[in-house]
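S.K.: I'll drop the sequence and a predicted model, then ask my questions.
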Amino acid sequence: MTIPDFFGKYSLEKSINKIFHDYGYGVSALNLIESIGALSEKFGFKSFLIGGFPRDVLIYILRSNAETAEYYKFSKVFNDYSGFLDLDVAVEGGSAKLVSSVKNDKNLKSLLHSLNIHERFGTALAEFYVSGKPLKIDFASLRTEIYIKSGMLPKVDISSATLEKDILRRDFTVNTVAFSINGSNFLEIKSYSSGIEDILNKKIKILHDLSFIDDPTRIFRAVRFEKRLDFRIDRGTLKFLKNALAQKVIDNVSGKRITAELYILFKEKNPEIYFERLHKLSVLSSINPSLRFLKKNKIIIKKINRYFSETKNFKILNEIFKNVKEGKRLFYLAGIFYGLNGIELKEVSERLKLGNTVEEFLKKLLFSDRDKIDNLKNSYKGDNAVGLYKNLNKIDGKSLLFYLFENEDEKNADLIFRKIVVRYLEKSVLEKPFLNGGDIKAMGICEGPVCGRILNEIKSLKTAGKLKNKTDEIKYVESRYLKNIKKN
């Protein structure tokens, strides 16, 4: 198709500079791309920006253009679009040779921070420092691929690949648009499929009928791009997707590859809309028949996302988790698996190759600690708050936090109990006792278990507001324990 005028070189350059500016790189980033392109041409290579970045640039233009902005604006589920800076440079003539030239160029060498070359795959990951910030660029040789068996990694041939052949092996048409970066035709658009047309029509479309059979993980990526971009999976593509699922192609994919796709979705702004779509398309049940994403799962995922995003909760999260990012991912897993029984959880965990450590964490969160919380809630009659805090102190803070993300019971007793748990987490996690084990031993109490019990008591009383300061804590220990020691 004819390339629309609003995708002209001036518009591309202006939009790319604006995107780089929003990421904090300024014009220096485009200058870097231009320098790499000039080097490519100097040594007889043809190099192209391809994949996600050209796609996002074209969408950015459509959402900024007065004539097209209304049609390309996001639906209500999206708050904004920050884009995903994903720079891939495809090289005709061998990426390793171009990367070596970049490495030895006196001007580019000063910007190059690190370089990892994978000769076997014909790829290299370079990290440049632009305006004081890291900018990663993936270099890859143009290639053709042959899938011997569904779900397995393909055989790669880079010996005679051209841009047109390389494009035909990619996942979706919207990811096939390329920008030349060579000096003589810098930012010239290259399109050998319906990529531009499908971007204009907001469609996610595969390039050939066996695409999902060859690589079933494209099913997850189809949903990812559909929801991330606010596009729709093309009708024909949807038919091939469902046919592939009916042939049980997900069974051909290793658990680790499936888990990697799920973890990518956890990073999205509104992960619940992705899993809702995977559920409706029966992708989740293709992983395991017990796996569903129902209203209760959606509520939990939304609450987790909101809680981890709010600045006021950072202190609590940093106290509860050694690694907050990893903690959020584990909570998302628990939210997806919420509603499974113990046997089903074990089956799903084994299918996804999550490992014993993760499985045990999920069992504790969803079952053993959850039962303890229920017992405390059902036995609490609204009195003896200190006693309740002592018992809450025996339960892992992660489990207590996850309990708060579950669907709230409208009963008044449940709401009161939830408020107590919130207060407990805020007070006990953030307001540590003034005394420590050493202080208590220095007062003449030397037994380790006794010291631990005293600290828990102080913590509970402090949470209940009974002990205000260090003097109160010392008086409590003296009156409760030192007198008994002196009597003995």
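M.R.: Okay, I see it.
S.K.: wait, what's in contact with residue 423?
M.R.: Taking C-beta atoms under 8 Å, 6 or more residues apart in numbering, we find residue 423 in contact with residue 463. For every residue, glycine as well, the C-beta is placed using N, CA and C.
S.K.: Please disregard the earlier target; I meant residue 397.
M.R.: By C-beta under 8 Å, 6+ apart, the neighbours of residue 397 are 319-320, 425, 428-429.
S.K.: which of those residues count as buried?
M.R.: The neighbour count (16 or more other C-beta atoms under 10 Å) marks 320, 425, 428-429 as buried among the contacts of residue 397.
S.K.: Which of those fall within helices?
M.R.: Among the buried ones among the contacts of residue 397, the members found in helices (DSSP state H) are 320, 425, 428-429.
S.K.: Just flag the most distant two among these.
M.R.: Greatest spatial distance in these: 320 and 428, 10.7 Å, computed using C-beta to C-beta.
S.K.: separation between the residue nearest to residue 65 when sequence neighbours are not counted and residue 194?
M.R.: Closest residue in space to residue 65, ignoring its immediate chain neighbours: residue 6 at 5.3 Å, by C-beta to C-beta, 6 or more residues apart in numbering. Separation of residue 6 from residue 194 (C-beta to C-beta, to the nearest Å): 18 Å.
S.K.: need the helices for the stretch 51-200 of the chain, in chain order.
M.R.: Assigned by DSSP state H, counting those that start in this stretch, the stretch 51-200 of the chain shows helices spanning 52-64, 69-72, 95-104, 106-109, 163-167, 195-200.
S.K.: What of the stretch 251-400 of the chain?
M.R.: Using DSSP H, counting those that start in this stretch, helices in the stretch 251-400 of the chain cover 255-266, 271-280, 283-287, 295-309, 314-320, 324-337, 342-351, 356-363, 369-379, 385-392, 397-405.
S.K.: least reliable of these going by mean pLDDT?
M.R.: Among these, helix 385-392 carries the lowest mean pLDDT, a mean of 82.
S.K.: what's in contact with that one?
M.R.: Residues outside helix 385-392 that contact it (C-beta under 8 Å, 6+ apart) are 376, 380, 400, 420-421, 424, 428, 456-457, 459-461, 463-464, 466.
S.K.: Just the CA coordinates for that helix, please, in PDB.
M.R.: Below are the C-alpha coordinates for helix 385-392, written out as PDB (Å, rounded to 0.1, in the frame of the first residue of the first chain):
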ATOM      1  CA  ALA A 385      -6.600  -6.700  70.900                       C
ATOM      2  CA  VAL A 386      -3.200  -7.400  72.500                       C
ATOM      3  CA  GLY A 387      -3.800 -11.100  72.400                       C
ATOM      4  CA  LEU A 388      -4.800 -10.900  68.800                       C
ATOM      5  CA  TYR A 389      -1.700  -9.000  67.900                       C
ATOM      6  CA  LYS A 390       0.400 -11.700  69.600                       C
ATOM      7  CA  ASN A 391      -1.200 -14.300  67.400                       C
ATOM      8  CA  LEU A 392      -0.900 -12.200  64.200                       C
END
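S.K.: quick one: the residue nearest to residue 65 is in a strand?
M.R.: No. Applying DSSP: H, G, I helix; E, B strand; the rest coil, one finds residue 6 to be helix, outside a strand.
S.K.: Now do the domain split for the protein, please.
M.R.: According to automatic domain parsing, the chain comprises the domains 5-201, 288-430, 437-487.
S.K.: a markdown table for those, including distance to residue 240?
M.R.: Output for the domains of the chain, formatted as a markdown table (distance: least, C-beta to C-beta, whole Å):
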| stretch | distance to residue 240 |
| --- | --- |
| domain 5-201 | 12 |
| domain 288-430 | 23 |
| domain 437-487 | 57 |
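S.K.: Among these, which comes closest to residue 221?
M.R.: The nearest among the domains of the chain, by C-beta to C-beta, is domain 5-201 at 5.9 Å.
S.K.: Over to that closest one now: how far is its first residue from its last?
M.R.: Using C-alpha to C-alpha, to the nearest Å, the end-to-end distance of domain 5-201 comes out at 16 Å.
S.K.: tell me the mean pLDDT for that domain?
M.R.: On average, the pLDDT along domain 5-201 is 84.
S.K.: For the stretch 151-300 of the chain, just list every one of the strands.
M.R.: For the stretch 151-300 of the chain, the strands defined by DSSP state E, counting those that start in this stretch cover 155-157, 178-180, 189-190, 203-204, 232-233.
S.K.: follow-up on the earlier one: any idea which of the contacts of helix 385-392 is closest to residue 369?
M.R.: residue 400 (8.0 Å).
S.K.: The closest residue to the closest one other than its chain neighbours: which element?
M.R.: Excluding the flanking residues, the one nearest residue 400 by C-beta to C-beta, 6+ apart is residue 421, at 5.5 Å. Using DSSP states H and E, residue 421 falls within helix 412-430.
S.K.: mind listing what's buried in stretch 334-341?
M.R.: Counting neighbours by 16+ other C-beta under 10 Å, stretch 334-341 gives 334-340 as buried.
S.K.: From the chain's centroid, how far away is that stretch?
M.R.: The chain centre lies 19 Å from the centre of stretch 334-341; the measure is C-alpha atoms, centre = their mean, to the nearest Å.
S.K.: got the contact list for that stretch?
M.R.: Stretch 334-341 has contacts (C-beta under 8 Å, 6+ apart) with 262, 275, 290-294, 296-297, 300-301, 304, 345, 348, 362, 365-366, 402, 405-406.
S.K.: Now list the buried members of these.
M.R.: Neighbour counting by 16+ other C-beta under 10 Å classes 262, 275, 290-293, 297, 300-301, 304, 345, 348, 362, 365-366, 402, 405-406 among the contacts of stretch 334-341 as buried.
S.K.: The closest residue to residue 129 other than its chain neighbours and residue 43, how far apart?
M.R.: Sequence neighbours aside, residue 113 is the residue nearest to residue 129 in space, at 5.0 Å (criterion: C-beta to C-beta, 6+ apart). The spacing between residue 113 and residue 43, counted by C-beta to C-beta, is 23 Å.
S.K.: on that earlier part again, the residue nearest to residue 129 contacts residue 127, correct?
M.R.: Yes. With contact defined as C-beta atoms under 8 Å, residue 113 reaches residue 127; the gap is 4.7 Å.
S.K.: Give me the common contacts of these two.
M.R.: residue 134.
S.K.: In TSV: the strands of the stretch 151-300 of the chain, plus distance to residue 19 and mean neighbour count.
M.R.: Shown next, in TSV, are these (distance: least, C-beta to C-beta, whole Å; neighbours: other C-beta atoms under 10 Å):
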stretch	distance to residue 19	mean neighbour count
strand 155-157	31	14
strand 178-180	13	23
strand 189-190	16	18
strand 203-204	22	22
strand 232-233	24	18
